[in-house]
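[1] could you work out the structure for the sequence below:
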Amino acid sequence: MFCDRNIPLWLKKKFYQIAIRPALLCGTEYWVIKRYHAKKMSVVEMCMLRWMCGKTKRDKVINEVILTKIAVAP
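    Numbering: from 1, shown residues only. Here you go, the predicted structure:
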């Protein structure tokens, strides 16, 4: 669903907020969060957001542009 270019970005964003983000954070309230875990979670989240936009690291689009395009708080 996320890599399909025919689905609008606003619908991908809504699905991300409702299904994907809570699934990523499920159970983390019981962890002892270390810097390593927080960094790993932010990397995974940015990878997912880049994938939603159809961009890769080779496109050299900075993270702030992706975050403003999707309008998701980091």
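[2] pull the CA atoms of the helix-or-strand element of the chain with minimal mean pLDDT into PDB?
    Between all helices and strands in the chain, the lowest mean by mean pLDDT, DSSP states H and E belongs to helix 21-25, at a mean of 79. What follows is helix 21-25, C-alpha atoms only, in PDB (Å, rounded to 0.1, in the frame of the first residue of the first chain):
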ATOM      1  CA  ARG A  21       2.900   4.200  14.400                       C
ATOM      2  CA  PRO A  22       0.900   2.600  17.300                       C
ATOM      3  CA  ALA A  23       2.200  -0.800  16.200                       C
ATOM      4  CA  LEU A  24       5.800   0.500  16.300                       C
ATOM      5  CA  LEU A  25       5.300   1.900  19.800                       C
END
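[3] for this protein, just list every one of the helices.
    9-15, 21-25, 35-53, 63-70 (DSSP state H).
[4] on that earlier part again, got a list of contacts for the least confident helix or strand of the chain?
    41, 44-45 (Cβ atoms under 8 Å, 6 or more residues apart in numbering). For the C-beta atoms, the positions are set from N, CA and C on the backbone; glycine is no exception.
[5] any chance of the helices of the chain in JSON lines, with mean neighbour count too?
    Formatted as JSON lines, the helices of the chain follow (neighbours: other Cβ atoms under 10 Å):
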{"stretch": "helix 9-15", "mean neighbour count": "14"}
{"stretch": "helix 21-25", "mean neighbour count": "12"}
{"stretch": "helix 35-53", "mean neighbour count": "13"}
{"stretch": "helix 63-70", "mean neighbour count": "13"}
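[6] looking at these, which has the lowest confidence?
    With a mean of 79, helix 21-25 has the lowest mean pLDDT of those.
[7] quick one: it to chain centroid distance?
    Centroid separation between helix 21-25 and its chain, computed with Cα atoms, centre = their mean, to the nearest Å, is 10 Å.
[8] and for stretch 59-74?
    Centre-to-centre, stretch 59-74 and its host chain are 9 Å apart (Cα atoms, centre = their mean).
[9] swap in stretch 51-70?
    Relative to its chain's centre, stretch 51-70 lies at 10 Å (Cα atoms, centre = their mean).
[10] same check on stretch 45-57?
    Offset of stretch 45-57 from its chain centre (Cα atoms, centre = their mean): 7 Å.
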